[in-house]
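> What shape does this take:
(one chain, ligands or ions: 1)
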Amino acid sequence: MRKPMIAGNWKLHKTLDEACGLVSEIIPAVASNQDVEIVVAPVFTALSKVAEILSGSNIKLAAQNCYPEPQGAFTGEVSPLFLKDVGCHYVIIGHSERRQIFGETNDFINAKARALADAGLGTIFCIGETLEERESDQMFDVLRHQVRLGLKNLSTEQMSNVVIAYEPIWAIGTGVTASDEQAQEAHAFIRALVKELYNPKVADATRILYGGSVKPGNVDGLMTQPDVDGALVGGASLKAADFARIVNFEKV
Ligand code: 13P
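Now for the predicted structure:
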């Protein structure tokens, strides 16, 4: 059985005080939920303080990015070693905003995936197609390429720390979510791909989250799909009540 995961990607939002306030509101609202793995990903500058507030709660901490080398002359970067040091359990990599705005390649994302595996940190590995790619029937090729290159050289054992997030770029921050059927179709394809690259056991155990305009009003339908194992939530994770409602989803 795959334990569902609901993760909030706060992106570049919430100052230190705001982050502490938000997480303090989320904690009581989800405290009774033991069925879902709950994750929040604040900005780097809030990680340490948020980690203190989360201590003893059922919420885990994630970072939004990392650099693949452990330490050295890499001005401005933060590595898995340092993220582990402040209490992170997971790191998000491969987000389309990093691919598109910062020009991150599949090879660079793969270096991060391997560094995270070496550091024993969990990875939330994002993939997804643009609207143009979907409309020109390239979606499956794009997803295959991103998965093959992004997870290259990760062992079967290391895959147990990897969560895949399918985030169609056209659905991110647009209010247009993938339909339940579109999400299921992509997730089933990704699971089949993991089976092909690894084995049926890894495919069965790997969680695949959906991301892109997940809201309280659409989470229940998405979570009812057999291959949707959770959600990576952007905008709606910035409001405690909305995030808590998503965490406490109901299967319809
Ligand atoms: P939105 O939920 O705001 O569409 O963002 C999704 C996302 O990019 C999560 O990583």
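
> for the record, mean pLDDT for the helix or strand harbouring Ala231?
Ala231 belongs to strand 230-233 when assigned by DSSP states H and E. Looking at strand 230-233 alone, the average pLDDT works out to 98.

> Show the backbone phi and psi for Val39.
phi -140, psi 140 (degrees, to the nearest 10).

> Just to check, it is in contact with Asn58?
No - Val39 is beyond contact range of Asn58, at 10.5 Å (criterion: CB atoms under 8 Å). Where you see a C-beta, it was placed from the backbone N, CA and C, and this is true even at glycine.

> element containing Ala244?
Using DSSP H and E, Ala244 falls in helix 240-247.

> With only the CA atoms kept, save that helix in CSV.
C-alpha atoms of helix 240-247 as CSV (Å, rounded to 0.1, in the frame of the first residue of the first chain):
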residue,chain,number,x,y,z
ALA,A,240,-3.9,26.9,6.2
ALA,A,241,-7.6,26.0,5.9
ASP,A,242,-7.2,25.1,2.2
PHE,A,243,-4.1,23.1,2.7
ALA,A,244,-5.7,21.2,5.6
ARG,A,245,-8.8,20.4,3.6
ILE,A,246,-6.5,19.0,0.8
VAL,A,247,-4.6,16.9,3.4
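
> Which residues in it does the neighbour count mark as buried?
Buried residues in helix 240-247, defined by neighbour count with 16 or more other CB atoms under 10 Å: 240, 242-247.

> Including distance to the ligand and pLDDT, could those go into TSV?
Listed next are the buried residues of helix 240-247 as TSV, based on distance: CB to the nearest ligand atom, whole Å; pLDDT from 0 to 100:
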residue	distance to the ligand	pLDDT
Ala240	15	98
Asp242	10	98
Phe243	11	98
Ala244	15	98
Arg245	14	98
Ile246	10	98
Val247	14	98
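
> sorry, back to before: with neighbour numbers in mind, choose between Val39 and Asn58.
Val39 (27 against 15; other CB atoms under 10 Å).

> How about that one: what's its closest non-neighbour residue?
In space, Val39 comes closest to Ala7 once its chain neighbours are excluded; the distance is 3.8 Å by CB to CB, 6 or more residues apart in numbering.

> and the angle from the helix or strand hosting that neighbour to helix 240-247?
Assessed by DSSP H and E, Ala7 sits inside strand 5-9. Inter-element angle recorded for strand 5-9 and helix 240-247: 150 degrees (by axes from the mean of the first three to the mean of the last three CA atoms, to 10 degrees).

> Please pull up the helix or strand immediately following strand 5-9.
helix 16-30.

> Not counting its neighbours along the chain, what's nearest Asn199?
Thr156 (6.9 Å).

> wait, what's in contact with the one you found?
Neighbour list for Thr156: 198-199, 202 [criterion: CB atoms under 8 Å, 6 or more residues apart in numbering].

> Out of those residues, name the ones that lie in helices.
Val202 (DSSP state H).

> The nearest residue to Leu54 once chain neighbours are set aside sits in which helix or strand?
The shortest distance from Leu54 to any non-neighbouring residue, by CB to CB, 6+ apart, is to Leu61 (5.9 Å). Assigned by DSSP H and E, Leu61 belongs to strand 59-63.

> Moving along the chain from that strand, name the first helix or strand you hit.
helix 80-85.

> tell me what that next one is packed against?
helix 106-119 (3 or more CB pairs under 8 Å, 6 or more residues apart in numbering; DSSP states H and E).

> roughly how far is the helix it packs on from the heart of the chain?
15 Å (CA atoms, centre = their mean, to the nearest Å).
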